[in-house]
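1. just need the structure, nothing else, for what follows:
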Amino acid sequence: MKFWDKFTSFDAALKAWEDNFEIGNRKTTESSKKNLDSNIIFQRPLRIKALLYLLKQDKDLSLLKNFSKFFFYHLKNILRSYLKKTPCILKDNLYLYNIDDFEEGKAGLSSKDTLFILGFSYCQKPIACPKKRFTCECIYDYENKTCSQCFIGKCINAMNKNDIYLIIPDIKYISEKLFEISYQNPNKNIFFVISSCSLSIKMFSDFANILKLQGIAIRLLGRVCLNYKSFLFAEKGLKNGLTYISDENEKTIFEILKIRWSIPKD
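-> Numbers count the residues shown, from 1 in each chain. This is a model prediction of the structure:
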């Protein structure tokens, strides 16, 4: 049972969590705010470099096979994305994909026909995570001291059981999962929210447009990847520092989770 399942009100569950559990992840990284770059410039050469990197990681050809299922549709979408100056738009500190503003996104999220995906970078996990940091696993056990202090665990406990969470260890994993979820749910409108460092947003925003998915990217604070070299290290799990999101964006996520929680469960 998730923590929120014990309550009849989303707000009551949220208050009970915050009254009982201290979120420790942000406190340990508060001093790292200085390294946040305020402007993301979508340089086309970097975006193409990212695509080449992703293809290089596709040693089992799974991404290429998925791309080939609807080859011309995917090709048209990715070319259109690369021709744009920016693959997404920035508004109110959110990076928006195939929606004009947050209000439009919320309108779609209130539908039962929408499948919501909430993704977290593994570097948001606590150092003492019971399932280790560089994995896609999470036990979100609110009775576990580490989990009860983890923002990821808090969010998963608040999710509608019909929605999907992803802990992202590397870029190939999330790419495969988006293809997989999209193909398995052809009658669903898929909406994603993924927290990521600004470098990954710069590099991989075009990928969401291959599938024409609607969604939001939220920029991480703290010990984020600041250059391509640090990104490559992080892709191998070599990242000791913690990351987190701003208080403002935490509220945005829980505004979405409240909308999704109110939808009847199957």
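2. ok, the residue nearest the centre of the chain to residue 206 distance?
-> Most central in the chain under Cα atoms, centre = their mean is residue 194, positioned 1.6 Å from the mean C-alpha point. In this view, residue 194 and residue 206 are 14 Å apart by Cβ to Cβ, to the nearest Å. Every C-beta, even on glycine, is put in place using the N, C-alpha and C of the backbone.
3. strands along the stretch 51-200 of the chain, start to end?
-> Taking DSSP state E, counting those that start in this stretch to define them, one finds strands in the stretch 51-200 of the chain at 89-91, 94-97, 114-121, 164-168, 189-196.
4. among those strands, which is nearest residue 140?
-> Evaluated with Cβ to Cβ, these place strand 164-168 nearest to residue 140, the distance being 8.4 Å.
5. return the alpha-carbon coordinates of the closest one using CSV.
-> The C-alpha trace of strand 164-168 is given here as CSV (Å, rounded to 0.1, in the frame of the first residue of the first chain):
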residue,chain,number,x,y,z
ILE,A,164,4.0,5.0,-14.6
TYR,A,165,7.2,6.1,-12.8
LEU,A,166,10.7,5.7,-14.3
ILE,A,167,14.0,6.0,-12.5
ILE,A,168,16.4,6.9,-15.4
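6. ok, and the closest non-adjacent residue to residue 123?
-> Counting by Cβ to Cβ, 6 or more residues apart in numbering, the nearest residue to residue 123 once its immediate chain neighbours are dropped is residue 243, at 4.6 Å.
7. can you count the residues close to the one you found?
-> Counted with other Cβ atoms under 10 Å, the burial measure for residue 243 works out to 25 neighbours.
8. got any ranges where the stretch 1-150 of the chain has weak pLDDT?
-> Low-confidence segments of the stretch 1-150 of the chain, defined by pLDDT under 70, span residues 22-42.
9. before we move on, back to that, now render the strands of the stretch 51-200 of the chain as JSON lines, adding distance to residue 59.
-> Formatted as JSON lines, the entries for the strands of the stretch 51-200 of the chain read as follows, by distance: least, Cβ to Cβ, whole Å:
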{"stretch": "strand 89-91", "distance to residue 59": "34"}
{"stretch": "strand 94-97", "distance to residue 59": "28"}
{"stretch": "strand 114-121", "distance to residue 59": "22"}
{"stretch": "strand 164-168", "distance to residue 59": "19"}
{"stretch": "strand 189-196", "distance to residue 59": "23"}
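10. quick one: closest of the ones you listed to residue 132.
-> Nearest of the strands of the stretch 51-200 of the chain to residue 132, taken as Cβ to Cβ: strand 164-168 at 10.6 Å.
11. about what we covered before: wait, the residue nearest to the centre of the chain sits on residue 215?
-> Yes. Look at residue 194 against residue 215 with Cβ atoms under 8 Å: they come within range, at 7.0 Å.
12. mutual contacts of those two, please.
-> With contacts defined as Cβ atoms under 8 Å, 6 or more residues apart in numbering, the residues adjacent to both residue 194 and residue 215 are residue 117.
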